[in-house]
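**Q** Sequence and predicted structure are below.
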Amino acid sequence: MVTAITALPYILITMPPLLWYFMRTRNIFVTSTREIKRWEGLARSPIFAMISESISGVSTIRSNDASQYMKRKFEEYHDTHCRAFFGFVASSRWVGFRMDSLMFLTVGTSSLLAALFSERGKSIFLEKFRNGASPFIYSSKVHVTFQQVGLTWIR
């Protein structure tokens, strides 16, 4: 962000709403993910308990011909666990889409502002470049912004 702010300080105008949206999305994701992971842990423990019961009581299960019953019971526990796990996957995709949208807005607004202010010569590099900043400076700013977004936001 330092490179983006150095090349185009007007990008600071767009940062407060974007940071507000990021923090709001992050808070929603963290609280919901914490609860979903708790549900997943609760749904996972009966699976491990049943595996332990099945291993220790395999002779009893076979002698009473209860293998189909145990299989149905295991499938129910596994389905419950998969619902919780896919809830976590869905919430991760939800936040990934939001962060991609935020990255698009950040790069889009900075590129738009760079194009507007380089045309009008309102750049901080006005002394070095008569017609505004060099396109190389703006393209390096966009490149660094893409890199920062890819490194700091979790999918």
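**A** Okay, I see it.
**Q** now for the top helix by length along the chain, which elements pack on it?
**A** Secondary structure of the chain per DSSP state H: the longest helix is helix 67-120. For helix 67-120, the contact count by 3 or more C-beta pairs under 8 Å, 6 or more residues apart in numbering; DSSP states H and E identifies helix 15-56, helix 135-152 as packing neighbours. Yep, even glycine has a C-beta here, placed from its N, CA and C like the rest.
**Q** ranking the ones you listed by mean pLDDT, which is last?
**A** Taking each of the helices and strands packed on helix 67-120 in turn, the lowest mean pLDDT turns up on helix 135-152, with a mean of 64.
**Q** just to revisit the earlier point, tabulate the helices and strands packed on helix 67-120 in a markdown table, adding columns for distance to Phe86.
**A** Putting these into a markdown table (distance: least, C-beta to C-beta, whole Å) gives the following:
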| stretch | distance to Phe86 |
| --- | --- |
| helix 15-56 | 10 |
| helix 135-152 | 26 |
